[in-house]
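**Q** Predicted model follows, preceded by the sequence.
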Amino acid sequence: MLKAKEYKSGIKPIWCPGCGHFGVLNAITKAFAALEQAPENAVLVSGIGCSSRLPAYVNSYGFHGVHGRALPVATGLKVARPELNVIAVGGDGDGFSIGGNHFLHACRRNVDLVYLVMDNEVYGMTKGQASPTTPAHWDHSKLTPHGPQLRPFQPCALALAAGASFIARGYAGDPNGLAQMIFEAVRHPGFAFIQVLSQCVTFCPEQARWKQQVHEEDHNDCCDPVAAARFLHGEDGLAKGNFYRNPRPVWPPSAQAGGAVDLRSEFAL
Amino acid sequence: MASCGSGGGIKFYEFLQFVPGLSQGNGVAADNCYSAWISPVRGKAAVTTGPNSRHLQDDITIAFTGSGGSGVIAVGEMLLRAAARVGFYGLLRKSYGPQIRGGESAAILRLAPQPVAGFADGIDLLVVLDWSHFSRFGDELILGTDTCIIEDAAAGVRPLTVPAAVSILTLDFTGLAGTLGSAHNNIAALGYCGAWLGCSAEQLVASLNHRLQRQDSATLKLAAQVAQAGMGLAAEHPPPLAAPQPGRPEATRWLATGNQLAALGALEAGIRFVAAYPITPASDVLEWLATHIDKTGGRLVQAEDELAAVNMAIGAGYGGVPAMTATSGPGLALMAEAMGLAVASETPLVVLNVMRGGPSTGIPTKSEQGDFNLAVYGLHGDAPHVVLSALSPADCHFTLGWATAIASHYQTLAVVLSDQLLGQSMQVLPAPPAMPFQARLDRAALPPVDGEHYLRYLDTGSGISPMAVPGDPGAMYTADGLEHSIGATPSAGAGDHQQQLSKRQRKLMGLMQSEHWAEGVEQPEARLLILGWGSCYPVALEAQSCLEAAGVPVNVLGVRLLAPLPWEALQAQCAKVSQVLVIEQNHQGQFARYLRGFGLQCHAYHRPGPRLLTALEIQQQVEALVDA
Ligand SMILES: Cc1ncc(C[n+]2csc(CCOP(=O)(O)OP(=O)(O)O)c2C)c(N)n1
Ligand code: SF4
C-alpha cells in the first residue's frame, strides 16, 4: 500500500506557484492511495496545456499526446486494455475547444473512463487567451481585446445532454473533496466527467476569489436528467458537488474470447 | 488479349514464397535483394502495332457496363467466381461514378489461364446493359475496332462515339428475363457470358447463391432460371469471338479484393485494435475488419472523425496491442499531426491509405497515386517513419503484414499506400502462404535500470529502446510527444533533442537489410529499367511483356519500401541499365522528384487518374527513349 505522496513521480512540475493544478495533482495521488491503486495498472492520458503536463508528475503510466486528443487516446487504450484504470486529464481549451468533438462522443460512447478537466477559463500555456469557458467580457487577452463576447460553455450541462453517466464539479482549492470525487468516478462504471475549477494565478488572478465564491451543492442521488438539467441551467458555475449519477450500459459490451480462428476459408474458391 | 500480352500473368504472391531468409549481409547488395527474380509467364507473342491489335491469344478482357443499380458489378463478380471454378485466373476492376444510385457503372474483367496481376489496355468483349451514361466513362473504357459489343435490346440509344467498325450483336436479355417474370437482365447476361466461357449451370448457380446469400429461396430459384435462359442464348447466338481457354490451376485458389487481403494480412500479422472512420475507397477494409476482428479477440471502434481514429489507434498501440486505422487522402491529412506523435512517442502504428483522386474531395471513387508526398513528407518536424506501397491486390496481404511487423518491431509509424485500383479490384490468386510476419515488441531488455528508473528511450546501439507497456510493474513512464530524455522526462535540451532525433532515425536503418524492399523482373540484355510503385508495378510488367514482344528487353522494378528508401540497393539496380523511366499515376511526378532528390538521373512519365496508366503508353515512352 502506497501513501499519497508516493504516487508522485518526483519530477518537479513546471507550474507557477499557486497554480490550481497542484491541488488536482494532490487530489489524484490521494485518490490513488484510497483506491490502493497499483501504479502499473493506472494510466493518465493527456493532451497539451499546463494542465496536460500532469501525467509525468504521477507515479503511474502516462501518455502525453497532442492538443485536444486525450480522450481518443484514452478510449483506444481502455478498449484495447480494459483491465487498466484509465484517466484522461487536461484543460478547458484542450477539452472543450480543439477537443470538443471528442468530449461529446466520449460522453455518448460511455467507455469506462474518468475525464478530469482542469478548468481555469483560459489558455494558460499559450499565455492567456480566451477559452470556451472564459466570461464574455473578460478583456485581458490581446487576441480578444474586447472580451470574447460569447456566452461561455457550460461543460456539465453539455456532458449531461451528450449522455455522460457521472457528472461532478470539484475545486482545486479543496483537494480532499476532489480526491473523494475522483475515488467515486473511478469506481463508477462508464464515462465519469469531473470539471475542476483550477485557478490560473498568472493570467486570471481574479480567480483567487473562488475561495470565497465556490459553494457546496450536493445532488449525490440525482439520477434524473431533467432535474439535473434544471439545476445545471440555473446555477452560477461555481457550485461544487456531484450533480448526476446514472449508470447505463458501458461500451464496449463484455470482452470477446479470442483464439485460433479461421479467417481464410471464406476466400477459398 | 486486347492490345497487349499476358506479362501481368505473373504468379504474384508466389514469388514472395521463393524469397530466401533475410539476407544477413549489408542487405544493400542487389544480388541479395534480388534472388527473388522470377519471369512472368509468357503468352504466344507477336508484334504489337496498335492499341487493339490482338497479339496474345490466351487472355481476354470483358467489360460490363450499365447504370449504377443495373447490377453490372454484381455480374462481374459472379462471372469471375464462376470462371475461376472453370480454371481461369482473373482480375476484376470496378469503375463507377459518384452517384449513390444511378450514374455510370462498369465491371472490367481480365481472364487468363495463369495468374493475372494487371489489366490489359483494351476491351475484347463489351456487354452493355444500358448506354445512357456510357459517355461519362470518357476514355476510361478503350474501345478498339476489334472490340465485340453485345448490347441488350433495351440498352437505349448507342452513342455516336462508338466506332462504326466494331461488331455489334443485339440480344434481348431484358425480354428473356421478362418472360420468366424477372427484371434482371444482368443475370441473363451472366448466363450468356458464363456459358461462352465454359461454365456449367451448377457453377453459375453456385456463384449466384454466393452473391445473393441474403435473398429468399424463390428469388434464388428465379435467378437460376434466368441464368440458364441466358446460357441457352449463348448456344444460339455466341459472341463472334473465340472463347479463351482456362488453365489447370493449383488446388487452392482464392477470390478476394485488395482491401480484403490487406485487412486479412493485418489480422494475421497480429493487429488486434482498429479505429475506423468511413471514407471511400477505404471503407471496405474497415467493414471487413469489423465483421472479423471480434473472432480474434480484437476490437474495432467507429470513431467520431479521423483525428479520433488515429489517436485511438495510438492509445491501443501504447498499450501494447497492435493497432491500425485505414483511410484515404483527406483522412490521412487529418491524421498527420498524430502520426508525428506516434513517431516522437515511439508508439507502434499502422495507417493504411487507400488513395483516390485528390486534392480535397477530388474524384473520390477513382484511383490515383497523389498521396505520395503527403505520406512521405507530410509530417511536421523531423519525423522519420516508414512508408510502404502494395504492389498488387494480392500483395496488399503481404505488405500489411510487413507493415504490422515493422511498426511494432521498430516502435514507429508505418504508412501503407494502396489505391482504389488495388483495393477494390478482385483477384483470383493462389492461396497465400502462411503469414510470414508477426507483430512483436522488443521487450527483451526490460526493465533496464539506472539505479531506480526504467529508461524508456534508452539510446541503444540499434536505436530500438525497450518498450514497457502498462501493467508491467516497475517500469512506469510517461510516453511523450514532448521531446524527452532517455528516461522519458520532458526535455528542451539540445543534447536530448539531438540524441533522440538521431536514435529515431537510426533505428529504421535496420530496414535497409530487408530483401522485401522491392519486387522486379529482369530480362537479359535490358538497357532500360521501368521503375514504379504501387499499382503501377503490374502496369510496368504488362508493358515489359509488350516490349519483349516488340524486341525491346527491359527490367522492371516495383518499390515496396518507399521510405526510408534503400538508396544504395536502388542505385545498384539502376546501374545495370543505361536509362531509367519512373512511372506513376499522379500529376506532379511525386516519386520521380523524390528519387531525383537522392541524385537519380531518370526520365519520368506520369499523369493523373482517373484514366488508368496503360501498358501501351508506357511502351511508347520506352520506345521513344530507346530510339533516341
Ligand atoms: C494543434 C495545436 N494547436 C495549438 C497549440 C498551442 N497550444 C498549446 S496549449 C494550448 C491551450 C492550453 O489551454 P488549456 O487546455 O485550457 O490548458 P491550460 O494551459 O490552461 O492548463 C494551445 C492553444 C498546440 N500545442 N497544438
Ligand atoms: S500559466 Fe496558469 S495554468 Fe499555467 S501553470 Fe501558470 S498558473 Fe497554472
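**A** Yep, it's here. Quantities reported herein were computed from a predicted structural model and do not represent experimental measurements. Ligands and ions are numbered 1, 2, ... in the order given.
**Q** what about chain A, any weak spots by pLDDT?
**A** Scanning chain A for pLDDT under 70 picks out A:220, A:255-256, A:258-260.
**Q** And the strands in it?
**A** Using DSSP state E, the strands assigned to chain A run over residues A:42-46, A:61-64, A:85-91, A:114-119, A:122-123, A:129-130, A:166-171, A:192-197, A:215-216, A:239-245.
**Q** who does the second one pair up with?
**A** Translated: strand A:61-64. Using DSSP bridges, strand A:61-64 pairs in its sheet with strand A:42-46 (parallel), strand B:478-480 (parallel).
**Q** could you redo those as a markdown table and give each row distance to B:Tyr594?
**A** Glycine gets a C-beta too; all of them are placed from N, C-alpha and C. Output for the strands paired with strand A:61-64, formatted as a markdown table (distance: least, CB to CB, whole Å):
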| stretch | distance to B:Tyr594 |
| --- | --- |
| strand A:42-46 | 36 |
| strand B:478-480 | 31 |
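**Q** Can you lay out these as a markdown table showing mean neighbour count and distance to ligand 1?
**A** Below are those laid out as a markdown table (neighbours: other CB atoms under 10 Å in any protein chain shown; distance: least, CB to the nearest ligand atom, whole Å):
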| stretch | mean neighbour count | distance to ligand 1 |
| --- | --- | --- |
| strand A:42-46 | 28 | 9 |
| strand B:478-480 | 28 | 13 |
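**Q** Which one, of those, ends up nearest to A:Phe153?
**A** strand A:42-46 (19.7 Å; CB to CB).
**Q** hmm, that closest one touching ligand 2?
**A** No: residues of strand A:42-46 contacting ligand 2 under CB under 6 Å from any ligand atom: none, with a closest distance of 13.5 Å.
**Q** Other residues contacting that strand?
**A** Strand A:42-46 has contacts (CB atoms under 8 Å, 6 or more residues apart in numbering or on different chains) with A:28, A:32, A:52-55, A:58, A:60-65, A:70, A:73-74, A:77, A:84-90, A:94, B:315, B:319, B:470, B:478.
**Q** out of the residues you listed, which are buried?
**A** By neighbour count, with 16 or more other CB atoms under 10 Å in any protein chain shown, these hold A:28, A:32, A:52-55, A:58, A:60-65, A:70, A:73-74, A:77, A:84-90, A:94, B:315, B:319, B:470, B:478 as buried.
**Q** Show the overlap between these and what lies near ligand 2.
**A** Okay, of the buried ones among the contacts of strand A:42-46, nothing touches ligand 2 (CB under 6 Å from any ligand atom).
**Q** list the buried ones in stretch B:520-535?
**A** So stretch B:520-535, judged by 16+ other CB under 10 Å, has buried residues B:520-523, B:526, B:528-535.
**Q** and the end-to-end length of that stretch?
**A** 13 Å (CA to CA, to the nearest Å).
**Q** Quick one: mean pLDDT for that stretch?
**A** In this model, stretch B:520-535 has a mean pLDDT of 97.
**Q** quick one: stretch B:378-397 near ligand 1?
**A** No: between stretch B:378-397 and ligand 1, judged by CB under 6 Å from any ligand atom, nothing touches; the nearest distance is 9.5 Å.
**Q** Give the buried residues for that stretch.
**A** Buried residues in stretch B:378-397 (16+ other CB under 10 Å): B:378-379, B:383-397.
**Q** Geometric centre of the chain: which residue is closest?
**A** Defaulting to chain A. A:Leu116 (1.4 Å; CA atoms, centre = their mean).
**Q** Hmm, no, I was thinking of chain B.
**A** Note: chain B centre (CA atoms, centre = their mean) maps to B:Leu422, 2.6 Å.
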